[in-house]
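Trainee: Sequence below, structure please.
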Amino acid sequence: MLLRQIERFLRQTNMPWTKFGRLAAHDPRFVADLRNGRIPRERTAERVEAFMSTYLANAMEGGHVL
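Mentor: Next up, the predicted model:
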């Protein structure tokens, strides 16, 4: 489930949910809306998953410990 992946990502990166929403979905309320039952479009979910993968890969490449 996308929300579980996002919650895990937020814990791993210590990123505020509003910042995540702005960066991943161009919507600072994205995570709050998901928590309240919003179902994202498939394309949005794919973009968010790609953001998380890229962010984590870049963090590991840069030697950042999450």
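Trainee: Surely residue 52 touches residue 24?
Mentor: Yes - if you go by Cβ atoms under 8 Å, residue 52 and residue 24 touch, sitting 7.1 Å apart. Bear in mind the C-beta positions are built from the backbone N, C-alpha and C, glycine included.
Trainee: between those two, which one's more packed in?
Mentor: Set side by side, residue 52 and residue 24 show more neighbours around residue 24, with 22 against 19, by other Cβ atoms under 10 Å.
Trainee: any idea how far the more buried one lies from residue 58?
Mentor: 14 Å (Cβ to Cβ, to the nearest Å).
Trainee: what's the spacing between residue 13 and residue 19?
Mentor: Applying Cβ to Cβ to residue 13 and residue 19 gives a distance of 10 Å.
Trainee: which one of those two has more residues nearby?
Mentor: More crowded of residue 13 and residue 19, by other Cβ under 10 Å: residue 13, with 16 against 13.
Trainee: in terms of contact, does the more buried one touch residue 59 like I think?
Mentor: Yes - judged on Cβ under 8 Å, residue 13 makes contact with residue 59 at a distance of 7.4 Å.
Trainee: Tell me where the chain has helices.
Mentor: For the chain, the helices defined by DSSP state H cover 2-13, 17-25, 30-35, 42-61.
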